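Trainee: Kindly return the folded structure for what I paste below:
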Amino acid sequence: MADRAAPTTITRRDLLKLGGVAVAAEAVLPVLDCGAAEAQTPKRGGIFRIRGEDATTGFDPHLSANHHRIATNLSFTHSRLVKVRAGASVVPGTLPIEPDLAESWIQPSDRTYVFKLRKGVRWHSKAPVNGRELTADDVKYTYERFLTVKGNPSRSMLGLVEKIDALDRYTVRFALSEPFGWFLDYLATTVMWVVAPEAVERFGDLRRAEACIGTGPWMLERYEPNVRLTFVRNPNYFLPGLPYTDGIEVTIDEDPSSRLAAWLAGRYDFAPEYGQCVRRLDLDVARRRKPALKTQDFIVLFGGITMMKLDREPFRDVRVRRALALASNWKEGLETNAWSLGNGAPNPTIPAALREWTIPITQLTPEGRRLYDQDLSAAKRLLAQAGFPTGLKVPLDATLGWSPDYVDLLQVVMRNWKEAGIETELRGKEFGAFMASAIYGKFEKLAHSLRGGTPIADLSLYNFHVPGEALNSSGVDDPKLTDMIRLQRRMLDPVKRREIVYDIQRYLAEQVYYHYDPSVSTVAAWEPYVKNFAPNLGHDYGGRLMVAWLNR
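Mentor: A predicted model of the protein is given here:
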């Protein structure tokens with residue numbers, strides 16, 4: 001949920017309090033930190049150098065799940081109607097919403113939103129769009145494509161949108177089929193980029209680098225697969241004066257040792273792991289080499305997830321699923337993780353990083369709470385009661401392409417299971433193949449991955465548990481649960497919605513339709529000459545770097 005923002009922005013909480021009253025969200029330049037930061041004058045020029053991700057699955061936000069290998073890169077080049085505010089004053093884990101392409105919006109009723117677009121927003125000066133002005137028709141086209149293009153795994157984010165109308169050149173109206181408490185939050189996610197109709201018409205889809213044309217602060221100048229991406233400043237960006245830097249250089253390096261060495265040698269301005277983080281294992285070395293290093297601890301959104309085929313043996317039986325949970329040791333997962341070295345938190349259905357919506361483990365039911373303490377004897381008893389007195393063996397689909405640190409986690413997970421009698425046969429897949437199959441439920445019995453790309457609590461509920469949803473990879477089909485999930489979506493009052501969300505998490509902790517590994521508490525780090533920067537949840541690198549500058 002969006003936290004309360006400064007008076008110049010509008011949050012969902014404010015919007016809900018005002019109901020159908022017209023509310024404007026005025027465009028402002030980024031807010032700096034209090035105190036010393038306010039006295040600083042932004043400095044123009046320079047190039048941010050980061051260790052980033054290859055665009056493995058291309059550049060089409062409607063044909064890929066919201067993962068870091070696509071969304072971080074598109075965050076430099078594209079815009080959406082609203083976004084999460086960035087800057088040094090924003091506390092990691094808070095998600096205040098502010099305007100992006102929309103300069104204001106009103107909510108005439110609980111099912112209608114009307115957005116007034118900024119005038120003079122121009123597409124990048126690239127063929128076939130050639131810098132023309134963005135209009136309401138472009139917004140209408142984008143979100144209609146989002147809802148209708150075949151293969152969009154994120155479609156349900158806007159599934160309640162019934163109709164989109166371009167009322168005039170700069171006004172767009174969304175009519176919903178029912179009240180939807182998460183609507184603005186979803187519009188701020190890093191799959192909601194507004195895309196150019198001409199690019200789709202020219203290229204068929206947006207997977208190719210040539211089709212990466214947006215209205216964002218930088219433009220993709222060069223893409224060298226598995227080597228680097230180069231972005232240059234958009235001279236016609238619609239926020240005057242932004243971005244401050246002339247470009248972004250994204251270096252692709254999948255080896256933790258190599259990218260750490262490059263950072264320590266001064267080739268990156270930020271720590272080299274995902275989210276501009278440094279592994280705690282490497283933190284002391286980094287601080288010795290970089291004594292003025294700026295850092296921020298925070299719990300990350302991502303964590304391991306185990307998916308099970310609920311319509312097949314043995315995971316049709318809740319006793320087997322609970323045995324798997326009892327075999328797992330989340331504390332060991334944190335202690336052996338180079339990112340955390342023991343720091344982090346267990347995850348219920350909603351990741352611990354989303355602190356306004358995740359239920360404290362202590363508030364689960366006794367049965368649900370019990371499943372978070374490793375108990376190998378109890379796990380073996382449950383397996384025996386389910387008809388597996390000597391244990392069982394199942395295939396496990398996974399990709400080793402996330403990172404070597406993920407591979408370490410996977411080894412701990414598999415070892416824990418084996419100690420309780422659940423032996424797994426690892427079936428490793430190339431990253432792209434895994435993202436096109438297992439996360440959509442295309443696996444035989446059991447699969448393991450990472451989750452956490454989108455910082456919205458509803459996604460962990462609706463997308464993963466409602467029948468027919470692309471990301472319902474376990475194949476959950478529970479009418480009672482579905483009703484509860486739909487009820488919380490319709491609840492506009494965030495306090496009442498949270499009560500329902502907590503009840504859902506209590507229920508799911510007992511059912512174990514998925515099993516969740518913990519999320520680490522990690523450390524973001526950046527050079528002292530990087531100003532007005534703070535890390536946050538999600539893939540919006542561009543949003544956070546757009547308001548930062550280099551003061552060398």
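Trainee: What lies in contact with stretch 536-544?
Mentor: Residues outside stretch 536-544 that contact it (C-beta atoms under 8 Å, 6 or more residues apart in numbering) are 50, 52, 66-68, 71-72, 74-77, 83-84, 86-87, 90, 92-95, 189-190, 216-218, 248, 298, 300-301, 353-354, 453-455, 533-535. For every residue, glycine as well, the C-beta is placed using N, CA and C.
Trainee: Please apply the same query to stretch 374-393.
Mentor: Under C-beta under 8 Å, 6+ apart, the answer for stretch 374-393 is 314, 317, 319-320, 322-324, 326-329, 331-332, 416, 419-425.
Trainee: Taking those, please make a PyMOL selection of just the buried ones.
Mentor: Buried members of these, defined by 16 or more other C-beta atoms under 10 Å, are picked up in PyMOL with:
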select buried, resi 314+317+319+320+322+323+324+326+327+328+329+332+416+420+421+422+424
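Trainee: out of the contacts of stretch 374-393, which are inside helices?
Mentor: 319-320, 322-324, 326-327, 331-332, 416, 419 (DSSP state H).
Trainee: any idea which of those is the one closest to residue 432?
Mentor: Nearest to residue 432 out of those is residue 324 (C-beta to C-beta; 27.7 Å).
Trainee: Isn't the closest one up against residue 422?
Mentor: Yes. Residue 324 lies in contact with residue 422 (C-beta atoms under 8 Å); the separation is 6.0 Å.
Trainee: list the helices and strands the top helix by length along the chain packs on?
Mentor: Scanning the chain for the longest helix, with DSSP H as the assignment, gives helix 494-511. Contacts defined by 3 or more C-beta pairs under 8 Å, 6 or more residues apart in numbering; DSSP states H and E place helix 494-511 against helix 12-18, helix 366-370, helix 457-465, helix 479-490.
Trainee: let's see 10 Å
Mentor: Helix 494-511 sits against helix 12-18, helix 318-327, helix 366-370, helix 457-465, helix 479-490, strand 514-516, with contacts defined as 3 or more C-beta pairs under 10 Å, 6 or more residues apart in numbering; DSSP states H and E.
Trainee: For this protein, which helix or strand comes out least confident on mean pLDDT?
Mentor: Here the helix or strand of the chain ranked lowest by mean pLDDT, DSSP states H and E is helix 12-18, holding a mean of 36.
Trainee: Give the rounded mean pLDDT of the helix or strand just after that one.
Mentor: Per DSSP states H and E, the first helix or strand lying C-terminal to helix 12-18 is strand 47-52. Throughout strand 47-52, pLDDT has a mean value of 97.
Trainee: Return strand 47-52 as CSV; C-alpha atoms alone will do.
Mentor: The C-alpha trace of strand 47-52 is given here as CSV (Å, rounded to 0.1, in the frame of the first residue of the first chain):
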residue,chain,number,x,y,z
ILE,A,47,27.2,8.7,-16.4
PHE,A,48,25.9,6.3,-13.8
ARG,A,49,27.8,3.0,-14.0
ILE,A,50,25.9,0.0,-12.6
ARG,A,51,26.2,-3.8,-12.7
GLY,A,52,22.8,-4.8,-14.2
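Trainee: Okay, now the sheet partners of it, with direction.
Mentor: Neighbouring strands of strand 47-52 in its sheet, by DSSP bridges, are strand 247-252 (parallel).
Trainee: what is the rounded mean pLDDT of the partner strand?
Mentor: Rounded mean pLDDT across strand 247-252 is 98.
Trainee: Same check on stretch 345-356?
Mentor: 95.
Trainee: which of the residues in that stretch are buried?
Mentor: Here stretch 345-356 shows 345-354 as buried, counting by 16+ other C-beta under 10 Å.
Trainee: Which member of the residues you listed is positioned nearest residue 482?
Mentor: residue 349 (14.3 Å).
Trainee: where in the stretch 401-550 of the chain is pLDDT low?
Mentor: Low-confidence segments of the stretch 401-550 of the chain, defined by pLDDT under 70: none present.
Trainee: Please enumerate the strands of the stretch 301-450 of the chain.
Mentor: Ranges of strands in the stretch 301-450 of the chain, per DSSP state E, counting those that start in this stretch, are 303-308, 344-345, 392-399, 422-429, 446-451.
Trainee: Just tell me which of these ends up closest to residue 103.
Mentor: Nearest of the strands of the stretch 301-450 of the chain (C-beta to C-beta): strand 446-451, 34.0 Å.
Trainee: Each with direction, which strands does the closest one pair with?
Mentor: Assessed with DSSP bridges, strand 446-451 is paired to strand 303-308 (antiparallel), strand 392-399 (parallel).
Trainee: Of those, which stretch is the most buried?
Mentor: strand 303-308 (a mean of 24; mean count of other C-beta atoms under 10 Å).
Trainee: Any chance you could give me that one in CSV, C-alpha atoms only?
Mentor: What follows is strand 303-308 as a C-alpha-only set of coordinates in CSV (Å, rounded to 0.1, in the frame of the first residue of the first chain):
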residue,chain,number,x,y,z
GLY,A,303,12.8,-14.9,-1.4
GLY,A,304,12.6,-18.6,-2.4
ILE,A,305,9.3,-20.2,-3.3
THR,A,306,8.4,-23.9,-3.7
MET,A,307,5.6,-24.7,-6.0
MET,A,308,3.8,-28.1,-5.9
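Trainee: show me what contacts residue 147?
Mentor: 62, 155-159, 161, 164 (C-beta atoms under 10 Å, 6 or more residues apart in numbering).
Trainee: I misspoke; the intended subject was residue 191.
Mentor: 61-62, 64-67, 70-71, 74, 80, 146, 152-155, 157-158, 453-454, 539.
Trainee: Then residue 468?
Mentor: Applying C-beta under 10 Å, 6+ apart to residue 468 gives the contacts 156, 477.
Trainee: Output the below-cut-off pLDDT ranges for the stretch 201-350 of the chain.
Mentor: Residues of the stretch 201-350 of the chain that meet the cut-off, pLDDT under 70, do not exist.
Trainee: And the helices in it?
Mentor: Taking DSSP state H, counting those that start in this stretch, the helices of the stretch 201-350 of the chain run over residues 256-264, 280-289, 318-327, 330-335.
Trainee: Please convert these to a markdown table, extending it with distance to residue 240.
Mentor: Shown next, in a markdown table, are those (distance: least, C-beta to C-beta, whole Å):
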| stretch | distance to residue 240 |
| --- | --- |
| helix 256-264 | 33 |
| helix 280-289 | 36 |
| helix 318-327 | 53 |
| helix 330-335 | 45 |
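Trainee: Deepest in the core, which of these is it.
Mentor: Counting by mean count of other C-beta under 10 Å, the most buried of the helices of the stretch 201-350 of the chain turns out to be helix 318-327, with a mean of 24.
Trainee: got the angle for that helix vs helix 494-511?
Mentor: 100 degrees (axes from the mean of the first three to the mean of the last three C-alpha atoms, to 10 degrees).
Trainee: Filter the contacts of residue 191 down to just the ones in helices.
Mentor: The members of the contacts of residue 191 that map onto helices under DSSP H are 70-71, 74, 146.
Trainee: number of nearby residues for residue 254?
Mentor: 15 (other C-beta atoms under 10 Å).
Trainee: what residues are up against it?
Mentor: 51, 53-54, 226, 401-404, 431.
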